[in-house]
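Student: Sequence and predicted structure below; questions after.
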Amino acid sequence: MAVKLDRKYLLIYNFVVMDTLEKSLSEYKIWLDKTKNDSYMQKELAQLESSPDELMECFAGDLSFGTSGIRGIIGPGPRRINKYVIARATQGLSDYINMRAEKGEDVKKRVVIACDSRRFSTQFAKETAEVLSGNGIKAYLFSEISPVPLLSYSIGVLDCDYGIMITASHNPSIFNGYKVYNKYGYQVVGEEPKAILDAINANDFFDSIKKSTDNIELLEDEIPDEFSNKIKEITQPFARKEDEPDIRIVYTPLNGAGRNYVYRALHDAGFNNVISVPSQDGFDENFTTCKKPNPEKLSAYNEAFKVLDQVGADIIISTDPDSDRVGVALVHDETKINLTGNQIGLLILDHLCKIRPPKSGQVVFRSIVSTPLFDRMADANGLDTRYTLAGFKYIGNALQGMIDEGNEADYYFGFEESHGYLISPFLRDKDAISSAVILASIAAKQKKRGQDLIDHLEEIYGNYGTLIDRAKNFTFEGLKGQETMNNIMEYLRNEVTEKIGDLYIEDKVDYLSDDTNLDKANIIKFDMDDGSTVIVRPSGTEPKIKVYMFLTDPTSDIDKAITAIMDDFR
């Protein structure tokens, strides 16, 4: 797979690099001139003068408005996240809203904005509100750091056209981002992201931006209180019973927006023995004790395990910085374990079926990259399983379709392997807050039986079979990263047809070209001859290729074979 670079190739490569540097320098000079009154940005730009490689990373093109927004490293230039990139994105969204209004579409010209605890999130949220206001659009701005589920809920309550969340979700502290939600409360899908991107690209970063503070309304306690009351209502069936132990729960918001909402939800459900993680309970923009605030990573629980050891707690519950993902960890047989998103999905579905027995005709949703064991459990409980592409917005979109048809009552549960769950259609996006209550309820019931969550998972595997789920992420940074990822996907699409590692390919589905009854997507699925499944897709928000494996044999070398393919392209 390795390629020898001949002299002709090197000449072409050097020409491309020099051309890119020249264009980057030209854009750099524009930013220097246009930000003369911004001392912070001037300082940031000055640091690039002695680093042409970093200058190109910051100025060679724009951060694209991807599947539902933009996300990137905080820094200067059009390929970094800063207030000018945020303002341009908002100007484009404003133009798009006003264009829809001029065409006579049903738009209210209202947008609600929330932000998490990241660096500059509060500033970026205010910048967003001012640009919306400057374009004649009412901007509602939460006065405090707020979670994604609250934003999703508030869009409908305020009858807004869109919601904007300033966040980079579970990424490290050097990142921030800008996610756009539609009027139903899930991230924009279909042709709309492309239409918004076109409107953004029609603007520059400076001269076309309109701002004012005339049409901004700060949101205080009323909607957050209403939201928390709704959480209490939908989780009431899962409240702790008098004969169940008041388990000790260590909760960490990972320095993010879930803090007050999860504490209140657990308390409202009768879980009063909740212990905080002091180093992660406040809003720390640097995530000092947790460099990757991601509930999927065992390292995210290091501080929480220290507290668990001190107080002898039963489980750890975590939420990511914008609190749409939930995780759980515990000590089982003296081993520290964090559950995968698939394991949590299985536990929640099993619990729902016991506490809230399904009715005829009800359906569950899962993304195509989530565990097939879910289907077996759903079928055994009389539920119909429907599939969506990766990304909870597709579950939200399918749910909205049911509501439009008058079938809201048929929605039972939706989940995706990346720790996203929705137990009630009162939202259209994943909700870590209600999910935290469900996990506490499961743990309490298992403790009453003398078991923990791992014991209960073993029971589930005994009933429905075992598929070992493994996930691997391969990062391809820099200007060449996207090209490398494209080359890998093309190689998998065209060249990998017989075997991966020690397993033969029994069936192959290309979601970009095959008829799957889903939207076209750059995803490839391999069904192997031993019943295992491998799914590969580029991330929509990060420079990564994600690989999902559901294996029947833990000794299979298929993950090593996948890694070797990725390494050959580096």
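Tutor: Sure thing, it's come through.

Student: Relative to K354, how far out is the nearest residue to L467 once chain neighbours are set aside?
Tutor: If the residues on either side of it in the chain are set aside, L467 comes closest to F550, at 4.5 Å by Cβ to Cβ, 6 or more residues apart in numbering. Just so you know, the C-beta spots here come from the backbone N, C-alpha and C atoms, and that holds for glycine as well. Applying Cβ to Cβ, to the nearest Å, the value for F550 to K354 is 25 Å.

Student: And these two? Which one has more around it.
Tutor: Taking neighbours as other Cβ atoms under 10 Å, F550 and K354 compare with F550 leading, 23 against 11.

Student: Near the closest residue to I166 other than its chain neighbours, how many residues? Count them for me, please.
Tutor: The shortest distance from I166 to any non-neighbouring residue, by Cβ to Cβ, 6+ apart, is to C115 (3.8 Å). By other Cβ under 10 Å, 27 other residues sit near C115.

Student: How about the contacts made by C115?
Tutor: Residues counted as contacts of C115 (Cβ atoms under 8 Å, 6 or more residues apart in numbering) are S121, T122, F124, A125, F142, I145, S146, M165, I166, T167.

Student: Could you check the pLDDT of L219?
Tutor: We have a pLDDT of 97 for L219.

Student: Bridge partners for it, pull those for me.
Tutor: F142 (DSSP bridges).

Student: Can you tell me how far it is from G185?
Tutor: 16 Å.

Student: Could you do D268 as well?
Tutor: On the measure of Cβ to Cβ, D268 and G185 end up 22 Å apart.

Student: the more surrounded of these two?
Tutor: G185 (25 against 17).

Student: close enough to count as contact, the more buried one and D429?
Tutor: Yes. Assessed by Cβ atoms under 8 Å, G185 is found in contact with D429 at 6.0 Å.

Student: hey, what's in contact with both of the two?
Tutor: S152, G396.

Student: Point me to the helix or strand that includes Y412.
Tutor: Using DSSP states H and E, Y412 maps to strand 411-416.

Student: Run through the helices of the stretch 401-550 of the chain in chain order.
Tutor: 432-448, 453-464, 481-494 (DSSP state H, counting those that start in this stretch).

Student: Give me the buried positions along the last one.
Tutor: Along helix 481-494, the positions that meet the burial threshold by neighbour count (16 or more other Cβ atoms under 10 Å) are T484, M485, I488, M489, L492, R493.

Student: now, among those, which is nearest to G134?
Tutor: M485 (37.3 Å; Cβ to Cβ).

Student: all strands of the stretch 101-250 of the chain, in order?
Tutor: 110-115, 138-142, 162-166, 175-181, 216-219, 249-252 (DSSP state E, counting those that start in this stretch).

Student: counting contacts, what elements does the fifth one pack onto?
Tutor: I take that to be strand 216-219. Counting contacts by 3 or more Cβ pairs under 8 Å, 6 or more residues apart in numbering; DSSP states H and E, strand 216-219 packs against helix 121-134, strand 138-142.

Student: does A87 count as helix, strand or coil?
Tutor: helix (DSSP: H, G, I helix; E, B strand; the rest coil).

Student: measure it to I344 for me?
Tutor: For A87, the distance to I344 - Cβ to Cβ - is 38 Å.

Student: So for those two, which sits in the more crowded spot?
Tutor: I344 (26 against 23).

Student: Give me the pLDDT value at the more buried one.
Tutor: 98.

Student: With S173 instead?
Tutor: So S173 comes in at 96 (pLDDT).

Student: got a list of what it touches?
Tutor: R118, R119, E285, N286, F287, K291.

Student: Over to D204?
Tutor: R88.

Student: how much space is there between it and A60?
Tutor: 17 Å.

Student: Check V328 too.
Tutor: 42 Å.

Student: which of these two has more neighbours?
Tutor: In this view V328 and A60 are compared by other Cβ under 10 Å, and V328 has more residues nearby, 25 against 19.

Student: thought that one was touching G341?
Tutor: No. Using Cβ under 8 Å, V328 makes no contact with G341, being 10.2 Å away.

Student: before we move on, the earlier item: enumerate the positions of the strand holding Y412 that are buried.
Tutor: Y411, Y412, F413, G414, F415, E416.

Student: Could you give the separation of it from the chain centroid?
Tutor: Chain-centre distance of strand 411-416: 16 Å, with Cα atoms, centre = their mean, to the nearest Å.

Student: and the angle from it to helix 432-448?
Tutor: 100 degrees (axes from the mean of the first three to the mean of the last three Cα atoms, to 10 degrees).

Student: name the helices or strands packed onto strand 411-416?
Tutor: Checking 3+ Cβ pairs under 8 Å, 6+ apart, strand 411-416 ends up next to helix 341-355, strand 363-367, helix 392-404, strand 420-422.

Student: Columns distance to V274 on top of the ones you listed, output as CSV?
Tutor: Below are those laid out as CSV (distance: least, Cβ to Cβ, whole Å):
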stretch, distance to V274
helix 341-355, 19
strand 363-367, 29
helix 392-404, 26
strand 420-422, 20
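
Student: any idea which of the ones you listed is most buried?
Tutor: strand 420-422 (a mean of 26; mean count of other Cβ atoms under 10 Å).

Student: What's the mean pLDDT across it?
Tutor: 98.
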